[in-house]
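**Student:** Next comes the sequence, and after it the predicted model I'd like to discuss.
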Amino acid sequence: MELQKFIENFAAQFDETDASEFAAGTEFKTLSEWTSLMALSVIAMVDDEYEVAVKGNDIKTATTIEDLFEIVKSRM
Amino acid sequence: MAFLQVNNVKISGLSACVPKTIDENANFPMFDDDGYKNFVAATGIERKRISSKEVTTSDLCISAAEKLIVDLGWAKEEIALCVFVTQTPDYVLPATSPLIQHKLGLSKECYTLDVSLGCSGWVYGLSVVASLFSQLPENERKTAKALLLAGDTISKICAKTDKSTYPLFGDAGTATAIEFSENSGPMLFNMNSDGSGYQTIIVNDGGFRNEVSKKSFDKITRGEGIVSNNLQLILEGMDVFAFGIKRAPESVNRLLEKFNLGKETVDYFVFHQANLFMNEQIRKKLKLEKEKTPYSLKNFGNTSSATIPLTIVTELQNDFSGKRKIVACGFGVGLSWGSVYFEADKNLTVSDLVEI
């Protein structure tokens, strides 16, 4: 799997935040649009696109998009 | 991966009973205007029914059963089996099902059993009742009747200071009637368990692993807007979600594949009503039409093991003008999940909703 594609998939969950704001180092939980529902959208996206189950603790542990990417990658 | 096939049994009727008291989520003190709007957009739950201190799950189920027995014209002495599915029994012990036998006025020769399951409970309970029923002596089976009672009063174990549980759960009790059938297709099941996820939905104290102590009553802050004690329900929402969107579609697909059932030949897919966001994700993954997947979330919320029969009663009551093929799928606490395929005869008895 590719990091850039993962960032695009991640960004696609957001309506208001501009796509240019998303990068590997983005601390996604600090984004104003980040909510618990957004977390569920991300979990669903990862399930759809990568067939990997991300748990609540993974979201808690990850700070940047790349952190989450590494978690998903390690389970593929 | 347990698969079961039970022949010559059918569901002949369904009923449900809810408390009269309506609890509007718009009035939930932890929501501001936006909080309520966002909650409804995500969960689909606008209101739910909550029981008073005096009313237990068995009371709701008994009222549902009384109505169904009358509507079907059954004689109570014909009821040979009664299985009660709940996680909110009357007592720690004795089991509640013998008490139900007594209160309902069933025969003392009735086989009764409690099953401790929640979201998957109706499907599991149906597998138990149908399987037992098929073991009755042949000369008795053709006239015998069986009851599956399933419900919960989860509102009693949700902290009002926990926005991750209190607004989600409603109370309900249901009754499902099972009888012999010469012609109905078989009941087909796919049943699963994964106890590694036991902490995903849990009440920590009050059993015998963690007995009740003074500390059980301490208020614990578990997250933003989540304050509860250890005798109250904890729900790890994200983990439940990840579990549900994976396991529910997988179970339905395996059931359909194993028994060569065409998805398009199924009239209704009735899912456990967890919340709208999760249920819609499951529906989209399975590529099911909206018309085939009814929801009762808006007015009743998540009623644990009652959701599947309650949804049939409130959303499909007038849709049994012909034979219907139904897949039902329950998933959650345990973790435990399963799916069933059954055929409902034309004019299946679906009682009017009972309110007490």
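**Tutor:** Received it, and whenever you're ready, just let me know what you need. Remember, predicted model here, so these are calculated numbers, not experimental data.
**Student:** burial of the residue of chain A found nearest chain B, as a residue count?
**Tutor:** Residue of chain A nearest chain B, by Cβ to the nearest Cβ: residue A:56 (3.4 Å). For the C-beta atoms, the positions are set from N, CA and C on the backbone; glycine is no exception. For residue A:56, the neighbour count with other Cβ atoms under 10 Å in any protein chain shown is 20.
**Student:** what do you get for residue A:39?
**Tutor:** 21.
**Student:** Please enumerate the strands of the stretch 251-356 of chain B.
**Tutor:** In the stretch 251-356 of chain B, the strands defined using DSSP state E, counting those that start in this stretch lie at B:268-271, B:324-332, B:336-344, B:349-350, B:354-355.
**Student:** Kindly report the residues of the stretch 151-300 of chain B close to chain A.
**Tutor:** When proximity is defined as Cβ under 8 Å from any Cβ of the partner chain, the stretch 151-300 of chain B approaches chain A at B:236-239, B:241-243, B:245-246, B:277-278, B:281, B:285.
**Student:** now do 6 Å
**Tutor:** Residues of the stretch 151-300 of chain B lying close to chain A (Cβ under 6 Å from any Cβ of the partner chain) are B:236, B:238-239, B:241-242, B:245-246, B:281.
**Student:** ok, and the closest non-adjacent residue to the residue of chain A closest to chain B?
**Tutor:** residue B:238 (3.4 Å; Cβ to Cβ, 6 or more residues apart in numbering or on different chains).
**Student:** That neighbour is in contact with residue A:58, isn't it?
**Tutor:** No. Residue B:238 lies out of contact with residue A:58 (Cβ atoms under 6 Å); the separation is 8.7 Å.
**Student:** hmm, back to that, show me what contacts the residue of chain A closest to chain B?
**Tutor:** Residues counted as contacts of residue A:56 (Cβ atoms under 6 Å, 6 or more residues apart in numbering or on different chains) are B:236, B:238-239.
**Student:** ok, residue B:189 - contacts?
**Tutor:** Neighbouring residues of residue B:189 by Cβ under 6 Å, 6+ apart: B:4, B:127, B:340.
**Student:** related to what we said a few turns ago, now which of the residues of the stretch 151-300 of chain B next to chain A would you call buried?
**Tutor:** Buried members of those, scored by 16 or more other Cβ atoms under 10 Å in any protein chain shown, are B:236, B:238-239, B:241-242, B:245-246, B:281.
**Student:** Which element, helix or strand, includes the closest residue to chain A within the stretch 151-300 of chain B?
**Tutor:** Relative to chain A, the nearest point of the stretch 151-300 of chain B is residue B:238 (3.4 Å; Cβ to the nearest Cβ). Assigned by DSSP states H and E, residue B:238 belongs to helix B:237-258.
**Student:** And the contacts of that helix?
**Tutor:** A:39-40, A:43, A:47, A:53, A:55-56, B:3, B:164, B:190, B:200, B:263, B:274, B:278, B:281-282, B:285-286, B:329, B:331, B:335, B:337, B:339.
**Student:** So which of those belong to helices?
**Tutor:** Per DSSP state H, helices hold the following members of the contacts of helix B:237-258: A:39-40, A:43, A:47, A:56, B:278, B:281-282, B:285.
**Student:** Residue B:68: which of the residues you listed is nearest?
**Tutor:** The shortest gap between residue B:68 and any of the ones in helices among the contacts of helix B:237-258 belongs to residue B:282, at 28.8 Å (Cβ to Cβ).
**Student:** can you pull up the bridge partners for residue B:202?
**Tutor:** residue B:234 (DSSP bridges).
**Student:** so how far is residue B:316 from it?
**Tutor:** Residue B:202 sits 32 Å away from residue B:316, going by Cβ to Cβ, to the nearest Å.
**Student:** who's more crowded, the two?
**Tutor:** For residue B:202 versus residue B:316, neighbours defined as other Cβ under 10 Å are more numerous around residue B:316 (20 against 15).
**Student:** Check what contacts stretch B:55-68 and list those residues.
**Tutor:** Stretch B:55-68 is contacted by residues B:13, B:15-17, B:86, B:88, B:90, B:96, B:100, B:103-104, B:147, B:149, B:151-153, B:173-175, B:177, B:351, B:354, B:356 when judged by Cβ under 6 Å, 6+ apart.
**Student:** And the helices in chain A, which stretches?
**Tutor:** A:3-11, A:36-50, A:56-61, A:65-74.
**Student:** Enumerate the residues of the stretch 1-150 of chain B near chain A.
**Tutor:** Residues of the stretch 1-150 of chain B lying near chain A (Cβ under 6 Å from any Cβ): residue B:42.
**Student:** Check what pLDDT residue B:71 gets.
**Tutor:** Model confidence at residue B:71, given as pLDDT, is 98.
**Student:** Skip the chain neighbours and tell me the closest residue to the residue most central in space within chain B.
**Tutor:** For chain B, the residue nearest the mean C-alpha position is residue B:305 (1.9 Å; Cα atoms, centre = their mean). Nearest residue to residue B:305 in three dimensions, chain neighbours excluded: residue B:121, at 3.1 Å (Cβ to Cβ, 6+ apart).
**Student:** Is it correct that residue B:98 is in contact with residue B:113?
**Tutor:** No. The pair residue B:98 / residue B:113 is not scored as a contact, 9.4 Å apart, by Cβ under 6 Å.
**Student:** Not counting sequence-adjacent ones, nearest residue to residue B:152?
**Tutor:** Once chain neighbours are set aside, the closest to residue B:152 by Cβ to Cβ, 6+ apart is residue B:304, at 3.7 Å.
**Student:** how close does residue B:16 sit to residue B:203?
**Tutor:** With distances taken as Cβ to Cβ, residue B:16 is found 24 Å from residue B:203.
**Student:** For these two, work out which one has more neighbours and name it.
**Tutor:** The neighbour count for residue B:16 versus residue B:203, taken as other Cβ under 10 Å, is higher for residue B:16 (34 against 19).
**Student:** Wait, the more buried one touches residue B:312, no?
**Tutor:** No. In this structure residue B:16 lies outside contact range of residue B:312 using Cβ under 6 Å: 8.3 Å.
**Student:** Endpoints of stretch A:20-28, how far apart?
**Tutor:** 13 Å (Cα to Cα, to the nearest Å).
**Student:** ok now it, how far from the chain's centre?
**Tutor:** Centroid separation for stretch A:20-28 versus its chain: 10 Å, with Cα atoms, centre = their mean, to the nearest Å.
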